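Trainee: sequence? don't have it. structure:
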């Protein structure tokens, strides 16, 4: 395996809606922020890969327009996934493994705000037996939360603790959308949104974009003092029907974590893509993270959840902490689909 | 599909007198014969659709036909489990599944969520519960909307039974929603 590292990460500040600019205008600061941080231009990039979904824009092939963000002339090597940018990063990592290219730029973005997001997300469900019922994404997460409560492993108070801690951590994150200091007990006093979930258990709706630059071996070392090396990365998917899964665990995360080598060394920090508070608890268990691991110091998806992007941001947040020298080894996780259907796990590490 | 889309949204320079907006599913042919006056804003209908049909096949098709007849079926997986709605492929081995098994019609809630303010697109207009419902004779639960007087009536393990639509056409919405057996006193 080739050594490949994250050498730059940039994101736009997460906000509820950005109506005044189009997607490519929203994306540009992330791309050019990531490039300028390492004194690079698009001419220095071997492969470009993006993650987004046309469903949010309501326009077929809308991702082609956002290629203007990098400039696709003269022709560039480029690909797109209709997935979170974390999976675009995976494709770029595979591409660099081939050994032909040394650098890759990965970006993702979403305007989650124009449509009715929980309803738009029903379009990813089984189109014949489930989607016609329009079960919104929050309702499906609530079914999972109830399963977890019924299992006796966790309580609503523990959900609230995750919600409170995430927004408190977000006070230190200038890019976060939701940041406040309220106690778990106060959150438990809220009415149910879709029981057993309260609004505070749910991620906000966010517009935003992010960009990561990958580089191989000595190219990475020549660009930054402390690259965040990708030591392992894997992703797994589970059946589309919720009835075929045990919703109280995340088997796909467990397998991906095992393949990525989470347990091969101590974990200092974990950024887990959990759009609902109870999902963080499921993910911690699936990855076998001990109680002393610093979880979601950025505030996580509960503090900023740009669709198609919040997973890539988790990877970037871990990479930044490693490159800054704050931590040595961390795990980043991204999810997609209803109730943690599909999961990606990456283990990042600084050089010894 | 691409050709028809071009015709619908653009102006065909070769035959400016006749422009067609034709779709397979709607079977609408609109013939536009009026010439655009100079300075007019060009406009044309844009219909977002999938202009093709898909058969539901012997497994999902049987499930949908069953709904029309108020019969619920699942498919037997290689490990013996009965999966509802029926799966065309074994979730573990990926092999074709062909054996259909009648299940229900009543079943038991395995998990649920209470919707206080239903969305216009939701199956019910009053507050209701989403639930995964394991039908009698089935090993995996299916999603449904349960009508109940209040959240206090609903619990995991509650037995529910289907309410069928008056007019059924072989669609998942033939099963309108679910209600507690014995008014929720079980």
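Mentor: Happy to help now that I have it. All figures in this text were calculated on a predicted structure; none of them were measured in a lab. Numbering: from 1, shown residues only, chains lettered A, B, ... in the order given.
Trainee: where does the spatially closest residue to residue A:18 that is not a sequence neighbour fall, helix, sheet strand or coil?
Mentor: Spatial nearest neighbour of residue A:18, excluding adjacent residues (Cβ to Cβ, 6 or more residues apart in numbering or on different chains): residue A:207 at 4.4 Å. In this view, the C-beta of every residue, glycine as well, is placed from N, C-alpha and C. Put simply, residue A:207 is strand when judged by DSSP: H, G, I helix; E, B strand; the rest coil.
Trainee: What's opposite residue A:207 in the beta bridge?
Mentor: residue A:15, residue A:111 (DSSP bridges).
Trainee: Kindly report the same for residue A:213.
Mentor: residue A:8, residue A:105.
Trainee: my guess is it contacts residue A:41, does it?
Mentor: No. Residue A:213 is beyond contact range of residue A:41, at 11.4 Å (criterion: Cβ atoms under 8 Å).
Trainee: Between these two, which is the more surrounded one?
Mentor: Just comparing residue A:213 and residue A:41: by other Cβ atoms under 10 Å in any protein chain shown the higher neighbour count belongs to residue A:213, 27 against 11.
Trainee: Relative to residue A:8, how far out is the more buried one?
Mentor: To residue A:8, residue A:213 is 4 Å away according to Cβ to Cβ, to the nearest Å.
Trainee: do residue A:299 as well
Mentor: For residue A:299, the distance to residue A:8 - Cβ to Cβ - is 21 Å.
Trainee: Could you do residue A:98 as well?
Mentor: 22 Å.
Trainee: what does residue B:44 give?
Mentor: Residue B:44 is 45 Å from residue A:8, by Cβ to Cβ.
Trainee: Could you look up the SS state of the closest residue in space to residue B:157 that isn't next to it in sequence?
Mentor: Excluding the flanking residues, the one nearest residue B:157 by Cβ to Cβ, 6+ apart is residue B:108, at 6.0 Å. Assigned by three-state DSSP, the conformation of residue B:108 is strand.
Trainee: ok, residue B:108 - how many residues close by?
Mentor: 19.
Trainee: So it is in contact with residue B:158, correct?
Mentor: Yes. In this structure residue B:108 lies within contact range of residue B:158 using Cβ under 8 Å: 7.0 Å.
Trainee: hmm, back to that, mutual contacts of residue A:213 and residue A:41, please.
Mentor: Common contacts of residue A:213 and residue A:41 (Cβ atoms under 8 Å, 6 or more residues apart in numbering or on different chains): residue A:35.
Trainee: coming back round to it: I'd like to know how far the residue nearest to residue A:18 sits from residue A:327.
Mentor: Distance of residue A:207 to residue A:327, computed by Cβ to Cβ: 29 Å.
Trainee: just residue A:45 next, same as before
Mentor: For residue A:45, the distance to residue A:327 - Cβ to Cβ - is 27 Å.
Trainee: of the two, who's got more company?
Mentor: residue A:45 (23 against 20).
Trainee: Doesn't residue B:133 lie inside a strand?
Mentor: Yes. Residue B:133 sits within a strand when classified using three-state DSSP.
Trainee: Which residue would be the closest one in the stretch 201-350 of chain A to chain B?
Mentor: Residue nearest to chain B within the stretch 201-350 of chain A (Cβ to the nearest Cβ): residue A:243, separated by 4.1 Å.
Trainee: Next one: that residue relative to residue A:126, how far apart?
Mentor: Residue A:243 sits 11 Å away from residue A:126, going by Cβ to Cβ.
Trainee: do the same with residue A:34
Mentor: Residue A:34 is 37 Å from residue A:126, by Cβ to Cβ.
Trainee: With residue A:63 instead?
Mentor: Residue A:63 is 25 Å from residue A:126, by Cβ to Cβ.
Trainee: The two: who's more crowded?
Mentor: Using other Cβ under 10 Å, the more surrounded residue of residue A:63 and residue A:126 is residue A:63, with 21 against 17.
Trainee: So the more buried one is in contact with residue A:52, correct?
Mentor: Yes. With contact defined as Cβ under 8 Å, residue A:63 and residue A:52 form a contacting pair (5.0 Å).
Trainee: Mutual contacts of these two, please.
Mentor: residue A:80.
Trainee: What's the local residue count around residue B:76?
Mentor: Neighbourhood size, residue B:76 [other Cβ under 10 Å]: 18.
Trainee: can you pull the contacts of it?
Mentor: By Cβ under 8 Å, 6+ apart, the neighbours of residue B:76 are B:82, B:83, B:97, B:99, B:100, B:101.
Trainee: Just among these, which is most surrounded?
Mentor: residue B:83 (23 neighbours).
Trainee: quick one on the thing from earlier: when residue A:98 and residue A:8 are compared, which one has more neighbours?
Mentor: Neighbour totals were compared for residue A:98 and residue A:8, and residue A:8 leads with 26 against 9 (other Cβ under 10 Å).
Trainee: Who are the contact partners of that one?
Mentor: Contacts of residue A:8 by Cβ under 8 Å, 6+ apart are A:34, A:35, A:37, A:38, A:40, A:211, A:212, A:213, A:223, A:224.
Trainee: Show the contacting residues for the residue of the stretch 201-350 of chain A closest to chain B.
Mentor: Contacts of residue A:243 (Cβ under 8 Å, 6+ apart): B:83, B:84, B:132, B:134, B:140, B:141, B:142, B:143.
Trainee: of the residues you listed, buried ones?
Mentor: B:83, B:84, B:132, B:134, B:140, B:141, B:142, B:143 (16 or more other Cβ atoms under 10 Å in any protein chain shown).
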